[in-house]
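J.: one predicted model, sequence on top.
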Amino acid sequence: MLLICCTFFSLLGTTQGERMSFGWSSCSDSCEFMALITRVVNQQQAQLVFISVPMLALFSFHLMFPVSFQIQVLPEGGETPIFKQFFKDWKDKDQSDGFGKVYVTERVAKIEQIEFDATKLHESPQMAAQHNMIDDGSGKVQIWRVESSGRVPVEPETYGQFYGGDCYIILYTYPKGQIIYTWQGACATKDELTASAFLTVQLDRSLNDQAVQIRVSQGKEPPHLLSLFKNKPLIVYKNGTSKKEGQKPAPPTRLFQIRRNLMSITRIAEVDVDAMSLNSNDTFVLKLPNNTGYTWMGKGANREEEQGAQYIASILKCQTARINEGQEPEEFWKLLTKAEDHPPRLYGCSNKTGRFIIEEVPGEFTQDDLAEDDVMLLDAWEQVFVWIGKDANETERQESVKSAKRYIETDPSGRDKGTPIVIVKQGHEPPTFTGWFLAWDSNKWKY
């Protein structure tokens, strides 16, 4: 691919300092030129672009292109996928990433919601393929939770509530066959992930190997799966489990994001309690420890998302106050600031007593608290360091890494189970480790 960029100043009535620029890109396979026009403010300026066509004809002669090559004119912001594919990591203006982040919150375009008629899907396979919808979701639904003992039925009244620490198998039966959805939570263990695949195959065999199998990762639910819960939104809790023996106290403060897609289906996902999670296009519910909270309405939120907020508030049994984006009280922002909620903590790991134990170092810790004949755990929230002293024995080294994994997995504060574990050797500490200690002496252990 070849890209040519051109810039013109003060042409055809443009003001001083204002510029008109455009670029030509070519792909030798299709011999097609595309013009990307920027800051074209009137028709005269647009016509100026085509003055350069003879220049391109001359240029194409040197590149051995045919004289009949095509030219396509694209306005800024209207680039086609074919044009974008020639650029690595193309990012549109004001583009949103994922489900919870947004680049610009001041300007939100109103999206017209078009009613989707799922009853027409059987009549049009093309429509079904385009919308990824088999039917309208009116068939029979059965849901099981994956456990070590096998498939455990989920209570029908909790259909549509998934936990990030679980895996679920959803069997959908409709006149033309069966579909098996295998939903895998982001915090599910490897054993559960493996078991979910095995149990899916087992269920399919019981159906004479005729079911369609679809594996679904948390946050990637297809529209048809979302439609199976009738008028209820899908709720995905960030982590935790619905197993009775494995439940832990929920975090006292929680944040839920509510979004409606273009097919009138609402999805609710628990996100990090952080101001960066807010998105102007959606509605959020902030639940507080005393069963109160806020319903935050983004500038682009709609009525269905507000109804979804009322639904999750009723599930959480909390009373929320409605606030609009740009009118938040100071308390709201303080509740979303979590940087000071997780101070660093230091633990000592030792088996000197004959058994492996872990004890927290009380108060403010210093470099002197790092015992050379032990292994230490430093919890910096964003990552957990395993510091290995030069005289630590093999048992302490091995058990400390296992303990760090268990420490993260059992943390009741609802942290990410994918928190990185960093192994550090005495005398080779990186700045990301030493920075947590006041007045660190880099010469202390030089020998």
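T.: Here it is on my side, so go on.

J.: measure the nearest residue to residue 175 once chain neighbours are set aside to residue 230 for me?
T.: In this structure, residue 175 finds its nearest non-sequential neighbour in residue 139, 7.6 Å apart by CB to CB, 6 or more residues apart in numbering. All C-beta atoms are positioned from the backbone trio N, CA, C, and that covers glycine. Distance, residue 139 to residue 230, by CB to CB, to the nearest Å: 11 Å.

J.: give me the pLDDT for residue 131.
T.: Listed pLDDT for residue 131 reads 45.

J.: what residues go with each domain of the chain?
T.: Here the domain assignment for the chain is 2-84, 131-245, 249-335, 342-434, based on automatic domain parsing.

J.: returning to that earlier point: more neighbours: which of residue 139 and residue 230?
T.: residue 139 (17 against 10; other CB atoms under 10 Å).

J.: correct me if wrong: that one contacts residue 170.
T.: No: using CB atoms under 8 Å, residue 139 is not in contact with residue 170, being 11.3 Å away.

J.: where along the stretch 201-350 of the chain do the strands fall?
T.: Using DSSP state E, counting those that start in this stretch, the strands of the stretch 201-350 of the chain run over residues 212-217, 234-237, 254-260, 266-271, 283-287, 292-297, 319-324, 345-350.

J.: could you point out which element follows the last one?
T.: Past strand 345-350, heading to the C-terminal end, the next element that is a helix or strand (DSSP states H and E) is strand 357-360.

J.: tell me the strands beside that next one, with direction?
T.: strand 345-350 (antiparallel) (DSSP bridges).

J.: quick one: low-confidence parts of the stretch 301-447 of the chain?
T.: 337-341, 412-415, 447 (pLDDT under 70).

J.: can you pull out the helices in it?
T.: Ranges of helices in the stretch 301-447 of the chain, per DSSP state H, counting those that start in this stretch, are 303-316, 330-335, 394-409, 431-434.

J.: nearest to residue 286, of those?
T.: Smallest distance to residue 286 across the helices of the stretch 301-447 of the chain (CB to CB): 6.5 Å, for helix 330-335.

J.: buried stuff in the closest one?
T.: Buried residues in helix 330-335, defined by neighbour count with 16 or more other CB atoms under 10 Å: 332, 335.

J.: in contact with the closest residue to residue 372 other than its chain neighbours, which residues?
T.: Spatial nearest neighbour of residue 372, chain neighbours left out: residue 389 (4.2 Å); criterion: CB to CB, 6+ apart. Residue 389 makes contacts with 370-376, 426, as judged by CB atoms under 8 Å, 6 or more residues apart in numbering.

J.: buried ones among those residues?
T.: The neighbour count (16+ other CB under 10 Å) marks 370-371, 374-376, 426 as buried among the contacts of residue 389.

J.: adding distance to residue 243, write those out as TSV.
T.: What follows is these, written out as TSV (distance: CB to CB, whole Å):
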residue	distance to residue 243
370	39
371	38
374	35
375	32
376	33
426	41
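
J.: specify which member of these is nearest to residue 344.
T.: With CB to CB as the yardstick, the closest approach to residue 344 among these comes from residue 376, at 11.8 Å.

J.: so who does that closest one touch?
T.: Residue 376 is in contact with 346-349, 369-370, 385-387, 389, counting by CB under 8 Å, 6+ apart.

J.: most widely separated two among the residues you listed?
T.: Using CB to CB, the pair of the contacts of residue 376 lying farthest apart is 369 and 386, separated by 15.3 Å.

J.: so which of the two has more stuff around it?
T.: The neighbour count for residue 369 versus residue 386, taken as other CB under 10 Å, is higher for residue 386 (19 against 14).

J.: what about the residue nearest to that one when sequence neighbours are not counted, distance to residue 242?
T.: Nearest-residue entry for residue 386: residue 423, 4.9 Å, with adjacent residues in sequence omitted and distances by CB to CB, 6+ apart. Noted for residue 423: a distance of 34 Å to residue 242, by CB to CB.

J.: ditto for residue 223
T.: Distance from residue 223 to residue 242, by CB to CB: 24 Å.

J.: again with residue 315
T.: According to CB to CB, residue 315 and residue 242 sit 13 Å apart.

J.: residues touching the nearest residue to residue 319 once chain neighbours are set aside, list them.
T.: Excluding its sequence neighbours, the residue lying closest to residue 319 (CB to CB, 6+ apart) is residue 292, at 5.5 Å. By CB under 8 Å, 6+ apart, the contact set of residue 292 is 318-321.

J.: what count of nearby residues applies to residue 395?
T.: Quick note: residue 395 (other CB under 10 Å) scores 13 neighbours.

J.: where are the low-confidence patches of the stretch 1-150 of the chain?
T.: Along the stretch 1-150 of the chain, segments meeting pLDDT under 70 span 1-133.

J.: could you rerun that using 50?
T.: Across the stretch 1-150 of the chain, residues meeting the criterion (pLDDT under 50) sit at 5-53, 57-65, 67-69, 94-131.

J.: would you quantify the distance from the closest residue to residue 137 other than its chain neighbours to residue 143?
T.: Leaving aside its sequence neighbours, residue 137 sits nearest to residue 227 (CB to CB, 6+ apart; 3.3 Å). The gap separating residue 227 from residue 143 is 14 Å, by CB to CB.

J.: quick one, which of these two is more surrounded?
T.: Shown here are residue 227 and residue 143; by other CB under 10 Å, residue 143 has more neighbours (24 against 21).

J.: looking at the contacts of residue 389, which one is closest to residue 438?
T.: Of all these, residue 370 has the smallest distance to residue 438: 13.1 Å, by CB to CB.

J.: wait, that closest one sits on residue 390?
T.: No: Residue 370 is not in contact with residue 390 according to CB under 8 Å; the separation is 10.8 Å.

J.: now list whatever residues contact both of the two.
T.: Common neighbours of residue 370 and residue 390 (CB under 8 Å, 6+ apart) are residue 426.

J.: how about stretch 356-367: buried residues?
T.: Residues of stretch 356-367 classed as buried by neighbour count (16+ other CB under 10 Å): 356, 358, 361, 365.

J.: what sits opposite residue 259 in the beta ladder?
T.: residue 267.

J.: so it touches residue 282, yeah?
T.: Yes: here residue 259 reaches residue 282: they are 4.8 Å apart, a contact under CB under 8 Å.

J.: who touches both of those two?
T.: Jointly contacting residue 259 and residue 282 under the rule CB under 8 Å, 6+ apart are residue 305.

J.: more crowded one of those two?
T.: residue 282 (26 against 23).
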